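Student: turn this into a structure:
(2 chains)
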Amino acid sequence: MSDRILVIDDEKDLLRIVAFSLQTWGYEVITADNGQEGLNKISAEKPDLILLDASMPAMDGFQMLEQVRSNPEWQDIPVIMLTAHSDPKTIENALAYGIVEYITKPFDPMELRERIGNALSHSK
Amino acid sequence: MKIANKISLSFLAVALILVSAAGTTVYIIVKDNLQKSIYNDLATAVTSRANHIATYLKMLEISVGQLTKSDTLEDFLKIKDREDSRQNEVFQLAMRRLKRTKEANPSIFEFLLLDATGKVVVSSNESSIGADKSTDAFFLGGQKEAFIKDVYYSQSVKEPLMAVSVPFLDSHTGEFLGVLVARVRLNDLNNIVTNRTGLGKTGEIYIVNKYGFMITPSRFTEDAVLKQRVGTENVRRVRLHKGREHVLSEEEMANVFPDYRGQKVLGTHEFIPQMQWAVLAEINAKEAFAPLAELRRVFFLILFIAVNTAWLLGISIARFISKPLHRLHKGTEIIGSGNLDYKVGTDAKDEVGQLSRAFDAMTDNLKNTTTSIESLNKEVVQRKWAEMKLRESEEKYHSLFESSHDAIMILTSEKGFISGNPATLKLFGCKDEKEFTSLTPADLSPKYQPDGTVSSVKAQEMMKIAMEKGGHFFEWMYKRMDNTEFPATVLLTSTEIKDEKVLQATVRDITESKKAEKEMKEAVEMKVKFVSTASHELRTPLTAIKEGINLVHSEMTGPLNDNQKEFLGIAKRNVDRLARLINDILDFQKICAGRMTFNMKPASINEAVALVEETMRPLTKGKGLDFIIELDQAVPVVNFDKDKITQVLINLVNNAIKFTETGSIRITTSRHEDNIRVSIQDSGCGIKKEDIPRLFQEFEQLATADSDRKTGGTGLGLAISKKIIENHGGKIWAESDYGKGTTFYFELPSVLEAILCQIES
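Tutor: Now for the predicted structure:
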């Protein structure tokens, strides 16, 4: 069975591109375009990995991550964060939340594929 | 004691005295009259009874006396003397005569005919014949003239009787033959006295004999005749005065005293001298004076009412009088506590009113006096204060002068420098103050100022301005003793020292700040240039990308599959967005650097709105929104840049469409005071109150229901709009009801004042 990846991003264009790429690479893809929907999908679909955009309105990636990590059932789901900010301090903060990977935009699709592969193999 | 109480009490006392006096007088008069009238009634009754009794007695005497004129009886007495054979016959005649007379007069108990020796010879009652009455009072008393024996108790008949005896004389010779006696029952007498007409319920008339015993029946006591002793005041007076009553005053005649029963009675009397009887008329005082008791009740009622009325009247009058007094009192307290502005202010015409007005006048005078004293005191204090301040400020000035980091110098246009503080000497590099004061302003300036004017000429001009205006601030290029130059600000103020008009110059070296200013300007310019260049540089590759994508997307390079077409569409859309973003950044930068040119021309805001309507209507239609335009045709034509304002309008309408799913968008123009106001109202999701202040900040994309980025915004639209409106001298703002819609307003001034945006990045 293929791994199930939840992609959360408020930019629908980007969401479409990433989803398409992941499907091409053989993953099952679930998408959400805001934090709350993301949380609902985690609860409903039990993804194997979460690809999370850092800057979103209403609930940003960090607030969402906090909620994911505070739930014991979801603590072990690997999270890869996508962000337009390349500030080292932000990256450091994000790592402190216990995410696995941190990818800055714009990103190389091949790099993304490799990171996802790594994260999934580590968690197993 | 309060005045009110005093007045009330006075009223009460007056009322009491008046009512008491009047009442007592009336009472006494009424009592007197009443007593008199009762007495008169009594007196009338008693007199009539007494007359009646006297008449009755006289009548008895007469009727018995007439019987002595009887021949039969005379015959009998004479025959008897001679032992006549006719004796028995005459005796029978005499007997019959007496009997007949007795029968004719029911009150006669019996007739007795005594012979000269006092022996009963004939009687209406046979059993009495032969009795010796020679010692009886009626025989003894009746020998010479008619005699009435006082009431006595007859043992034989067991009832009180009285007797009338008349001497029997020979009708020819006048020789004493005997005595005719009539023993009389008291019925007639009793009838006379017990007729109680006009005596009320308790009045009675009775007779007391000379021994003090009642001889007629009492109205109250049973079996009183000859048993009830009467020793009352009434009887005492009768005995005292006997027949002389008429000389006594009425008061003495009518008296209130206890009667034989001990009851208080009002009584009077008559005396019957013949019998030494006292005829007494008495009426119970209680009954007699019953109208007086009634009068007393009425009197006390009147007294009660009068006292109460007086009290109430007293209180109300007292209030009426004391109210203004209270006000006056209150006024004195208030004024006493220092409030001289208080006015008692009664307009009553009476003395209290006069007093209060006099009081107010006094307060005014007092206030004027106090105020003048106060102002005098104030002036003294102010002067002292001013002196102190002057001394203080002189000292302060001196120490400031000496210790100031700013160069402070005193000069006049004629004498040049008069004095300079240590900072001045240091600034210009002078050895001491003497060297400094030997210089002229021109000595401390280069020949020409940066604007090309001759320093000495300009210096005179500056000093003149300062003297005229009292002060002048300007920049000046100075020259030190070592001939190096430096820029400075100068504050020239005209002042007086010892009655001489001088100028004080405060000079501050601004070499450093000039340098910093220059550096800053350069940095800003550099940044603007950088952003501008970068943006332009970005545009070049962006154009290539955009056109390249367009080329492929339009399938000019060959057919595309669906995925290719979709992702190229995404790319195209985002490239367009990037291009917009770069344009916005450039615009924003330009406007902030003051490089955006505004083409200000008189134009009609309504025309601009109409143009925007035309452009935007397809978009509103596409989303199913009502697009309402309300133009006020009276808005004036003003100066504005039509393109820029149109840009603002499009931006605002665009935003409105973006955030409105159903309902309407309404553009309104109106005149508001001197301004033109445009409002763009939507029925969209609205903005939270706390977010409104951030609306116009650059790159702020609010966390509204939908992301701005989703709708392709750059986050600069409102910031640019704000700059444009502010450049027109207008203002822009938003009001929102969260969840119901937002209204953006902007106003353009009808009299445009060029306000240039001097914003540092």
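Student: which stretches of the stretch 401-550 of chain B aren't confidently modelled?
Tutor: Of all residues in the stretch 401-550 of chain B, none has pLDDT under 70.
Student: residues from it in reach of chain A?
Tutor: By the rule CB under 8 Å from any CB of the partner chain, no part of the stretch 401-550 of chain B lies against chain A. Bear in mind the C-beta positions are built from the backbone N, C-alpha and C, glycine included.
Student: ok, which stretches of the stretch 401-550 of chain B are strands?
Tutor: B:407-412, B:416-420, B:471-479, B:485-497, B:500-509 (DSSP state E, counting those that start in this stretch).
Student: which parts of chain A sit against chain B?
Tutor: Checking chain A against chain B by CB under 8 Å from any CB, the hits are A:Asp10, A:Glu11, A:Lys12, A:Asp13, A:Arg16, A:Ile17, A:Phe20, A:Asp33, A:Met56, A:Pro57, A:Ala58.
Student: farthest pair in the residues you listed?
Tutor: Farthest pair in the residues of chain A next to chain B (CB to CB) is A:Phe20 and A:Ala58. Separation: 25.5 Å.
Student: can you check the pLDDT for B:Ala104?
Tutor: Note on B:Ala104: pLDDT of 84.
Student: winner for burial among the strands of the stretch 401-550 of chain B?
Tutor: Mean neighbour count, computed with mean count of other CB atoms under 10 Å in any protein chain shown, is highest for strand B:407-412 among the strands of the stretch 401-550 of chain B, reaching a mean of 21.
Student: could I have that strand exported to CSV, CA atoms only?
Tutor: Only the C-alpha atoms of strand B:407-412 are listed here, as CSV (Å, rounded to 0.1, in the frame of the first residue of the first chain):
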residue,chain,number,x,y,z
ALA,B,407,27.9,79.4,21.9
ILE,B,408,25.9,82.4,23.3
MET,B,409,26.9,85.9,22.4
ILE,B,410,25.6,89.3,22.9
LEU,B,411,25.9,91.8,20.1
THR,B,412,24.5,94.9,18.6
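Student: strand partners (parallel or antiparallel) of that strand?
Tutor: Take DSSP bridges as the rule and strand B:407-412 pairs in its sheet with strand B:416-420 (antiparallel), strand B:500-509 (antiparallel).
Student: for B:Ile591, which of those is the nearest?
Tutor: strand B:500-509 (34.6 Å).
Student: that closest one to strand B:485-497, inter-axis angle?
Tutor: 150 degrees (axes from the mean of the first three to the mean of the last three CA atoms, to 10 degrees).
Student: hmm, who's touching strand B:500-509?
Tutor: Under the criterion CB atoms under 8 Å, 6 or more residues apart in numbering or on different chains, residues B:406-413, B:418, B:424, B:427, B:463, B:466-467, B:476, B:478, B:486-496 lie in contact with strand B:500-509.
Student: longest helix of chain A?
Tutor: The helix that spans the most residues within chain A, counting by DSSP state H, is helix A:109-123.
Student: I'd like to know which elements that helix is packed against.
Tutor: Applying 3 or more CB pairs under 8 Å, 6 or more residues apart in numbering or on different chains; DSSP states H and E, one finds that helix A:109-123 contacts helix A:12-24, strand A:49-53, strand A:79-83, strand A:101-104.
Student: out of these, deepest packed?
Tutor: strand A:49-53 (a mean of 26).
Student: partner strands of that one and their direction?
Tutor: With DSSP bridges as the test, strand A:49-53 pairs up with strand A:4-8 (parallel), strand A:79-83 (parallel).
Student: that older thread, in PDB, could you pull the C-alpha coordinates for the longest helix of chain A?
Tutor: Backbone C-alpha positions of helix A:109-123 (Å, rounded to 0.1, in the frame of the first residue of the first chain) are rendered in PDB as follows:
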ATOM      1  CA  PRO A 109      11.100  18.800  -6.900                       C
ATOM      2  CA  MET A 110      13.800  16.200  -6.900                       C
ATOM      3  CA  GLU A 111      15.000  17.400  -3.500                       C
ATOM      4  CA  LEU A 112      11.400  17.200  -2.200                       C
ATOM      5  CA  ARG A 113      11.100  13.700  -3.400                       C
ATOM      6  CA  GLU A 114      14.300  12.600  -1.700                       C
ATOM      7  CA  ARG A 115      13.400  14.300   1.600                       C
ATOM      8  CA  ILE A 116       9.900  12.700   1.600                       C
ATOM      9  CA  GLY A 117      11.500   9.300   0.900                       C
ATOM     10  CA  ASN A 118      13.900   9.800   3.700                       C
ATOM     11  CA  ALA A 119      11.300  10.900   6.200                       C
ATOM     12  CA  LEU A 120       9.100   7.900   5.400                       C
ATOM     13  CA  SER A 121      11.800   5.400   5.700                       C
ATOM     14  CA  HIS A 122      13.000   6.900   9.000                       C
ATOM     15  CA  SER A 123       9.600   6.700  10.600                       C
END
